[in-house]
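Asker: Pasting the sequence and the predicted model now:
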Amino acid sequence: MSDPFDKMVSDARTVFEASASKPLRDAWASLSLPQIRADLIQRLSVAGIGEAESDARFLLAHVLAPSSYADAVADPALFSWQQMSGLADLAWQRLERRPVSQILGSQPFWTLDLLVTEDVLTPRADTETLVELVLEKCAPGVADLVDLGTGSGAILLSLLSERSDWSGIGVDLSPAALEIARQNARRCGLDDRARFVEGSWGASLAANSVDILVSNPPYIRTDVWRGLEPEVRRFEPRQALDGGEDGLRDYRSLLIDAVRVVRPCGLVAVEIGFDQGADVTALFEQAGLDDVGVKRDLAGHDRVVYGAVAGTNG
């Protein structure tokens, strides 16, 4: 009978030899941690990754936790062979251009840490401009909120985290995205005030049923989508990115629902591309919204168009 330890070693060796990241493990086997870091940054740069240093920092922080990089450099015993192997596995995925958020499985957004997979867009810092706008325009008080095309639930959950008397609905066409959003709601302790519904924009919602409607719809023109970096084009859902020939297709659809489901004087606010301020403003005005405005992001780009539903809705 073979020794259980010998079998464990044999199984581990088999896994090691079959691993796609074996070239990295072999290259790093005799290197110190600072040398591994330098080699990783160089490999990421050669792969065309502009954020090579920051990506290396994130991957190292993940495998070294709870120790820091400085601690592990000072005490090499804190960087084990298993951690080196884990870093190689993560780095290999990044060299294939998978986003760091998907490799690590989560992404910080607003004050939350959200689960991320290929089924949802990775929440971007630009989208926080939409959260800020809603909080600026809407005073605390009981309110019903809907997030159309909710994806990971980032916008909805961020707003609910700031307004304890709000409740909300996240709507998405993708069952897989909705499952991620539900997990994020539980993760953030907000599942008692958030529910999620499969559907196309606001078609499933009753008239005059919400006070606030938000959305980050697909707004990238199809021809632009085809030229996006691999991290986005290959690993994020096209359904959440491609806004049609002019990038405005989904604004037209969601605005039809918005003026029906939002109560009089309620807020409609959507994220836009940096060059879409004038076009989306025109669509808001054509839909009959009042007090239409544009909010810029921290880079000074148009990022959110908003308006108020006035009078009585049908």
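Answerer: Thanks, I have it. Residues are numbered from 1 along each chain as shown.

Asker: Helices of the stretch 151-300 of the chain, start to end?
Answerer: 154-162, 175-187, 222-225, 230-233, 249-261, 277-286 (DSSP state H, counting those that start in this stretch).

Asker: Mind listing what's buried along the third one?
Answerer: Yep, that's helix 222-225 we're talking about. By 16 or more other CB atoms under 10 Å, the buried positions in helix 222-225 come out as Thr222, Trp225. Glycine gets a C-beta too; all of them are placed from N, C-alpha and C.

Asker: Same question for the second one.
Answerer: Of the residues in helix 175-187, those scored as buried under the neighbour-count criterion (16+ other CB under 10 Å) are Ala177, Leu178, Glu179, Ile180, Ala181, Arg182, Gln183, Asn184, Ala185, Arg187.

Asker: got the contact list for it?
Answerer: 112-117, 119-120, 150-154, 156-157, 170, 172, 191, 194, 196-198, 237, 240 (CB atoms under 8 Å, 6 or more residues apart in numbering).

Asker: For that helix, give the mean pLDDT please.
Answerer: Averaged over helix 175-187, pLDDT sits at 98.

Asker: The protein: strands as residue ranges?
Answerer: For the chain, the strands defined by DSSP state E occupy 106-109, 112-115, 143-148, 166-172, 194-198, 210-215, 262-271, 290-296, 302-308.

Asker: Residues in contact with the fifth one: which ones?
Answerer: So the one you mean is strand 194-198. 150, 153, 156-157, 160, 167-175, 178, 181-182, 185, 204.

Asker: Now the buried members of the residues you listed.
Answerer: 150, 153, 156-157, 160, 167-172, 174, 178, 181-182, 185.

Asker: Of all pairs in those residues, which one spans the longest distance?
Answerer: Ser167 and Ser174 (22.3 Å; CB to CB).

Asker: now the residue nearest to Arg97 when sequence neighbours are not counted: how far from Leu104?
Answerer: Leaving aside its sequence neighbours, Arg97 sits nearest to Pro230 (CB to CB, 6 or more residues apart in numbering; 3.9 Å). Counting by CB to CB, to the nearest Å, the gap from Pro230 to Leu104 is 18 Å.

Asker: ditto for Ala177
Answerer: 19 Å.

Asker: what's the burial count for Thr122?
Answerer: The burial count assigned to Thr122 is 22, neighbours taken as other CB atoms under 10 Å.

Asker: and it, what does it touch?
Answerer: Pro99, Ser101, Gln102, Gln107, Val116, Glu236.

Asker: What residue, apart from its backbone neighbours, is nearest the last one spatially?
Answerer: Counting by CB to CB, 6+ apart, the nearest residue to Glu236 once its immediate chain neighbours are dropped is Leu121, at 5.5 Å.

Asker: For Trp201, give me phi and psi.
Answerer: When quoted as degrees, to the nearest 10, the phi and psi of Trp201 stand at phi 50, psi -130.
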